[in-house]
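> 3D, please:
(4 chains, ligands or ions: 4)
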2 protein chains.
Amino acid sequence: MIDLDTLLADLRRRNPSARITAQRRLVLEALLSDIKGHHTCEDVTRMVQARGVTLDQSTVYRILQWLKAYGVVSQTDLGMGSDVYCLVAGEPHHHLICLACGAIIDVDDTIFASLRRTLKLAYRFDPRIEHFAIFGTCEKCKPHDDEDEHLNDMS
Amino acid sequence: MIDLDTLLADLRRRNPSARITAQRRLVLEALLSDIKGHHTCEDVTRMVQARGVTLDQSTVYRILQWLKAYGVVSQTDLGMGSDVYCLVAGEPHHHLICLACGAIIDVDDTIFASLRRTLKLAYRFDPRIEHFAIFGTCEKCKPHDDEDEHLNDMS
DNA sequence: ACTTCTATTGTAAGCATTTGCAACAGCAGA
DNA sequence: TCTGCTGTTGCAAATGCTTACAATAGAAGT
Ligand SMILES: [Mn+2]
Ligand SMILES: [Mn+2]
Ligand SMILES: [Zn+2]
Ligand SMILES: [Zn+2]
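Numbering: from 1, shown residues only, chains lettered A, B, ... in the order given. Ligands and ions are numbered 1, 2, ... in the order given. A predicted model of the protein is given here:
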């Protein structure tokens, strides 16, 4: 589907002073090896290091930010300690996350069709809605009228 | 508009084992003193400490999370280093943030009307969309066909 | 008032992520 | 192939936020 060298060439075309380093190549290879996955920075670092290469995690953080700036990866806080990064490819998907039970519901990009249209037409704003997390309460956890309404009391 | 003691009483009603501490009272007073503002945790801590009281910042972080769990405050990453917290009161507002020039455009809650409806009807999910930041490209920064398309290259 | 129970706090340490800086390494040009 | 420029890296330190734990203090009951 997506080819490493095409991706790298495209990134260079868009910024000719950018350099194709071994580290950038390795990070992209790791992401491409699980093209649908949610990857933490630590995941990516470990995937690369598993191949025997040494690579500092701060470098991976920098490379992920760089790829994000070019729209190649998305960064999402799913509420699990560390942010997850995904390759941006094909139809985007998103997640609904229940604050009460932790359930993660996958939703496809059509839920944002109207919001996208409004932002484009009324605000001439081009939003980057590539992999969103929306927090709230799922059906199972819907509070009944006589019940406590707080979610996940952080004591 | 919103009264400190009413708020505290309501929080206790919803969780009778919660305790009304001096620290919680002080944090809420600080937030109520600038009811429309975006406050970082550090802001709140300083506002309280300016009154001569000693209060640890980790306690403020905990109290803000606690208030958020009850829907009393929202927490938002506006891309400025630290998250900002707002009292949830009245009509919500949101922000569009340009990745290219940093412009922050205020938008009102109506942009989410359709998304809210879809989530409620099709997914029976009750979203907490209290103070969102949507990143993207503003009108001024819209990339022309022959131009570089990357945003904010993180060197 | 006093006791008891346990939620909350302060402190210090930990975790996730960013950043300053000097060494390194792409890559364009000679 | 060598040189020079400067973008990138590794390292260590800093920043924003969270958490374990022992001490403190709400508040309910007496
Ligand atoms: Mn984050
Ligand atoms: Mn996902
Ligand atoms: Zn749920
Ligand atoms: Zn702009």
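> listing request: residues of chain A with sub-threshold pLDDT.
Along chain A, the parts satisfying pLDDT under 70 run over A:144-155.
> what comes into contact with stretch A:42-50?
Contact with stretch A:42-50 is made by A:26-27, A:29-31, A:33, A:39, A:55, A:57, A:60, A:64, A:82, A:85, as judged by Cβ atoms under 8 Å, 6 or more residues apart in numbering or on different chains. Bear in mind the C-beta positions are built from the backbone N, C-alpha and C, glycine included.
> who touches the closest residue to residue A:124 other than its chain neighbours in this structure?
With Cβ to Cβ, 6 or more residues apart in numbering or on different chains as the criterion, residue A:124 has its nearest non-adjacent residue at 3.9 Å, and that residue is residue B:139. Residue B:139 is in contact with A:123-125, counting by Cβ under 8 Å, 6+ apart.
> cutoff 10 Å now
A:123-126, B:98, B:103, B:105 (Cβ atoms under 10 Å, 6 or more residues apart in numbering or on different chains).
> out of these, which are buried?
A:123, A:125-126, B:98, B:103, B:105 (16 or more other Cβ atoms under 10 Å in any protein chain shown).
> ok, the residues you listed vs DNA strand C, which is closest?
residue B:98 (17.9 Å; Cβ to the nearest atom of the strand).
> how about the contacts made by the closest one?
A:125-126, B:104-105, B:135-142, B:151-152.
> how is chain A carved up into domains?
Residue ranges for each domain of chain A read A:1-90, A:91-155, as given by automatic domain parsing.
> do the longest one and ligand 3 meet at all?
Read it as domain A:1-90. No - judged by Cβ under 5 Å from the ion, domain A:1-90 stays clear of ligand 3, getting no closer than 12.7 Å.
> which one of the contacts of residue B:98 is nearest to DNA strand D?
Nearest to DNA strand D among these, counting by Cβ to the nearest atom of the strand, is residue B:152 at 12.4 Å.
> take the domains of chain A and lay them out in TSV including distance to DNA strand D.
Shown next, in TSV, are the domains of chain A (distance: least, Cβ to the nearest atom of the strand, whole Å):
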stretch	distance to DNA strand D
domain A:1-90	3
domain A:91-155	7
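> okay if I get these as CSV plus distance to residue B:71?
Formatted as CSV, those follow (distance: least, Cβ to Cβ, whole Å):
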stretch, distance to residue B:71
domain A:1-90, 16
domain A:91-155, 8
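> output these as a markdown table; include the columns distance to ligand 4.
Formatted as a markdown table, these follow (distance: least, Cβ to the ion, whole Å):
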| stretch | distance to ligand 4 |
| --- | --- |
| domain A:1-90 | 14 |
| domain A:91-155 | 9 |
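> tally of neighbours for residue A:6?
9 (other Cβ atoms under 10 Å in any protein chain shown).
> if you could redo that for residue A:92, that was the one I meant.
16.
> how near is the closest residue to it other than its chain neighbours to residue A:57?
Counting by Cβ to Cβ, 6+ apart, residue A:92 lies nearest to residue A:109, which is 4.5 Å off, once chain neighbours are set aside. Distance of residue A:109 to residue A:57, computed by Cβ to Cβ, to the nearest Å: 31 Å.
> tell me which helix or strand residue A:47 sits in.
helix A:41-49 (DSSP states H and E).
> only alpha carbons, please: show that helix as CSV.
C-alpha atoms of helix A:41-49 as CSV (Å, rounded to 0.1, in the frame of the first residue of the first chain):
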residue,chain,number,x,y,z
CYS,A,41,6.7,6.1,21.3
GLU,A,42,8.1,3.4,23.6
ASP,A,43,6.6,0.7,21.3
VAL,A,44,8.3,2.2,18.3
THR,A,45,11.6,2.5,20.1
ARG,A,46,11.5,-1.1,21.2
MET,A,47,10.6,-2.3,17.7
VAL,A,48,13.6,-0.6,16.3
GLN,A,49,15.9,-1.7,19.1
